[in-house]
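S.K.: 3D model of this:
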Amino acid sequence: MKKGSQEQGSVLVLSAASGAGHVRAAEALVLAFGAAAVPARHVEVLEYTNPLFRKIYTDLYVDLVNRQPHLLGLLYDALDRPWGFQKRRLALDRLNARPLVRLLKEENPSLVVCTHFLPAEILVHLRRKKILEVPIGVVVTDIDAHAMWLYRGVDRYFVAREETKVHLSELGIPPATIHVSGIPIDPAFAVRKPKRKARLSLGLDPDRTTVLVSAGGFGVGPVESLARSLQKVNHPLQVAVICGRNEPLVRRLGTFGDGVHPMRVIGYTTEMDTWMAASDLLVGKAGGLTSSEALARGLVLVIVNPIPGQEERNSDHLLEDGVAIRCNNLPALAYKIDTLLGDRDRYERMRKAAFRAGRPNAARDVVSLMCR
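M.R.: Numbering: from 1, shown residues only. Below you'll find the predicted structure:
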């Protein structure tokens, strides 16, 4: 369907539920488009693919994270070959994403922003074949850019930092098309919330150091062991554990009973900005979205066993920026946190560095550039 064959529709923001961060970035962009009075709709593209393909794409990721994360790292490294595998990937994706192609033809959007590489690949192909003519934006949702994000013909790339722009430029992406926006997060993170007020609103002790444990949107990783380790910290704490959509994890943690430090267990929440505003430390994953949210709230990160691949690379950047510490062995977690909290000057330097690194208006900036 060529441009002009029918009236163009509204803006589409396309994600894929392979990891929760892609979806959250898309939802943040829809909110930012709305704030700019631009109608936009989020489409999770795996809903428009072959059911088997969809199940493998979503379930395999979560299963590998929980059971064999080293295999995820090996796969990440094996596929990180710039401009490699593209013809084979496109053939596979086109075979399994025919409903998505039909949707795009029917919608004929005026603008598309992708927070996952799968829909970007389909869109670039459709435009190359002159089946659909639409401006395409691609938002890289990790600090580093894996080779899977590389496409020729994208109108605008949005990346987390200047180093990522340099990397993509060296790989052949035109520098003028690459914008250092940060990773889009909910615009709520740009609204200041005093720590004491946030704690009181959540029923927390307003005067106690608060540790937020994030298991990501799917509630994956060694969260129970991590929660037990936090009870061994000597400094007085209160702990909040965000379990995402993992209801069995919520129930298991609910049986822990009273510990040395009060612990709140929360399932899926739309108040992550408030929980982060109430907290001092974020303990857990180094996902692109979670890390960006934490930095926007000035949280110091305690990274525990990052997933090999993208989270390992995110960790490297966060450590280099002086906004995080890393714990590779859970038995040492309490020691690491006590050491950090015992050095207030170091903690304050890291907290200020986190605020400087945060980009709470990333979603707004992406929308502004795409609407030019």
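S.K.: the domain parsing of this protein - what is it?
M.R.: Following automatic domain parsing, one finds the domains of the chain at 9-184, 189-357.
S.K.: Leu369: which of those domains is closest?
M.R.: Closest approach to Leu369 among these (C-beta to C-beta): domain 9-184, 5.7 Å. C-beta: built from backbone N, CA, C; applies to glycine.
S.K.: secondary structure element holding the most centrally placed residue in the chain?
M.R.: What sits nearest the mean C-alpha location of the chain, by C-alpha atoms, centre = their mean, is Leu289, with 2.6 Å. Using DSSP states H and E, Leu289 sits within helix 288-296.
S.K.: which residues sit in contact with Glu224?
M.R.: With contact taken as C-beta atoms under 8 Å, 6 or more residues apart in numbering, Glu224 is in contact with Leu249, Arg252, Leu253.
S.K.: so the last one touches Arg264, yeah?
M.R.: Pointing back at Leu253 there. No - if you go by C-beta atoms under 8 Å, Leu253 and Arg264 don't touch, sitting 9.7 Å apart.
S.K.: so between these two, which is more surrounded?
M.R.: Neighbour count, other C-beta atoms under 10 Å: between Leu253 and Arg264, Leu253 has more, with 21 against 17.
S.K.: surely Phe256 is in a strand?
M.R.: No - per DSSP: H, G, I helix; E, B strand; the rest coil, Phe256 lies outside any strand segment and is coil.
S.K.: mind listing the strands for the stretch 1-150 of the chain?
M.R.: Using DSSP state E, counting those that start in this stretch, the strands of the stretch 1-150 of the chain run over 9-15, 40-44, 109-114, 136-139.
S.K.: go ahead and confirm the residue nearest to the centre of the chain touches Arg24.
M.R.: Yes - in this structure, Leu289 is within contact of Arg24 by C-beta under 8 Å, at 5.0 Å.
S.K.: return every residue with contacts to both of those two.
M.R.: Listed as contacting both Leu289 and Arg24 by C-beta under 8 Å, 6+ apart are Ile185.
S.K.: hmm, back to that, tell me the mean pLDDT over the helix holding Leu289?
M.R.: The pLDDT scores in helix 288-296 average 95.
S.K.: quick one on the thing from earlier: any chance of CSV for the contacts of Glu224, columns pLDDT, distance to Gly298 and secondary structure?
M.R.: Formatted as CSV, the contacts of Glu224 follow (pLDDT from 0 to 100; distance: C-beta to C-beta, whole Å; DSSP: H, G, I helix; E, B strand; the rest coil):
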residue, pLDDT, distance to Gly298, secondary structure
Leu249, 85, 27, helix
Arg252, 89, 31, helix
Leu253, 87, 27, helix
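S.K.: ok, Leu168 - contacts?
M.R.: Contacts of Leu168 by C-beta under 8 Å, 6+ apart are Ala145, Leu150, Tyr157, Val159, Ile178.
S.K.: again, but for Asp365
M.R.: By C-beta under 8 Å, 6+ apart, the contact set of Asp365 is His179, Ser181, Gly182, Arg359.
S.K.: so what's the residue count around His261?
M.R.: Here the count is done by other C-beta under 10 Å, and His261 has 18 residues near it.
S.K.: how about Ala25: what's its closest non-neighbour residue?
M.R.: Thr115 (4.2 Å; C-beta to C-beta, 6 or more residues apart in numbering).
S.K.: just the pLDDT for the one you found.
M.R.: The model's pLDDT for Thr115 equals 96.
S.K.: you'd agree it is up against Glu27?
M.R.: No - applying C-beta under 8 Å as the test, Thr115 and Glu27 come out as separate, 9.2 Å apart.
S.K.: still on that earlier bit, just put the contacts of Leu168 in TSV and tack on distance to His317 and neighbour count.
M.R.: Converted to TSV, the contacts of Leu168 look like this (distance: C-beta to C-beta, whole Å; neighbours: other C-beta atoms under 10 Å):
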residue	distance to His317	neighbour count
Ala145	12	27
Leu150	19	22
Tyr157	18	27
Val159	12	27
Ile178	17	23
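S.K.: JSON lines for those residues, including distance to Val213 and pLDDT?
M.R.: As requested, these are arranged in JSON lines below (distance: C-beta to C-beta, whole Å; pLDDT from 0 to 100):
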{"residue": "Ala145", "distance to Val213": "28", "pLDDT": "93"}
{"residue": "Leu150", "distance to Val213": "34", "pLDDT": "92"}
{"residue": "Tyr157", "distance to Val213": "33", "pLDDT": "97"}
{"residue": "Val159", "distance to Val213": "28", "pLDDT": "98"}
{"residue": "Ile178", "distance to Val213": "34", "pLDDT": "98"}
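S.K.: of the residues you listed, which is the nearest to Glu121?
M.R.: Out of the contacts of Leu168, the member with the shortest distance to Glu121 (by C-beta to C-beta) is Leu150, at 9.9 Å.
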